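Chemist: Sequence and predicted structure, then a few things I'm wondering about:
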Amino acid sequence: MTVEEGKEKFIQSWGALGTSWGINRTMAQIHALLLINVAPLSADEIMQELQISRGNANMNIRALIDWGLVYKELKPGERKEYFVAEKDMWEVVRKIIAQRKKKELEPMLKILDDLSQVSGTAEETENFTKVIHDIRLFSSKADSMLDALAKSDANWFVGTFMKLIK
């Protein structure tokens, strides 16, 4: 396999994985392209490489910037904006955790808080509130764990992970 074939396979695979992580395929492919590219790329270069429209490229680049996974880079004497991906994989993981937590877990915790206010005396109400309480307890622990993970450094995580799998 040539480097070009490897790059193409990586971009396609990262795009497919992205849909499992809650982002669209094109956003993940742009991220993959910027991860493996040595030099920053312009939106035009990204469009050409991935064969996507300007609107699609711009929308997904902005989303990647919002996630903190991609940064703008200006070149002296050039009007174009160039983009570069965060290359530190631990930082990438931390930023993805923070975004997923914000978009998925935190709204769920709010809903569970609202649902825990259900009142009544019937057995059905008691069962409902117990289930909600148990889910809320588990979700809160997950939230705390993700906070700790996002604030930790890579060495702590690897050490803790290795202890868990022994």
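Modeler: Received, thanks.
Chemist: what mean pLDDT does the one helix or strand His133 maps to have?
Modeler: Using DSSP states H and E, His133 falls within helix 123-151. Mean pLDDT, computed over helix 123-151, is 80.
Chemist: Show me what it is packed up against.
Modeler: When contacts are defined as 3 or more Cβ pairs under 8 Å, 6 or more residues apart in numbering; DSSP states H and E, helix 123-151 sits against helix 89-100, helix 106-115. From N, CA and C alone the C-beta is placed, and that goes for glycine too.
Chemist: Distance from the chain centre to that helix, please.
Modeler: 22 Å (Cα atoms, centre = their mean, to the nearest Å).
Chemist: relative to helix 89-100, how tilted is that helix?
Modeler: 150 degrees (axes from the mean of the first three to the mean of the last three Cα atoms, to 10 degrees).
Chemist: Now helix 123-151: buried residues?
Modeler: With burial defined by 16 or more other Cβ atoms under 10 Å, the residues of helix 123-151 counted as buried are Thr129, Ile132, Arg136, Ser139, Leu146, Leu149.
Chemist: which ones are touching the residue sitting nearest the centre point of the chain?
Modeler: By Cα atoms, centre = their mean, the chain has its centre lying nearest to Ile96, at 3.0 Å. The contact partners of Ile96, by Cβ atoms under 8 Å, 6 or more residues apart in numbering, come to Trp21, Trp67, Leu69.
Chemist: Where do the domain boundaries of the protein fall?
Modeler: 3-85, 89-165 (automatic domain parsing).
Chemist: what about this structure, any weak spots by pLDDT?
Modeler: Flagging of the chain using pLDDT under 70 yields the residue ranges 153-166.
Chemist: Just the buried residues from the contacts of Ile96, in ChimeraX please.
Modeler: Buried residues within those, by 16+ other Cβ under 10 Å, are selected in ChimeraX with:
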select :67,69
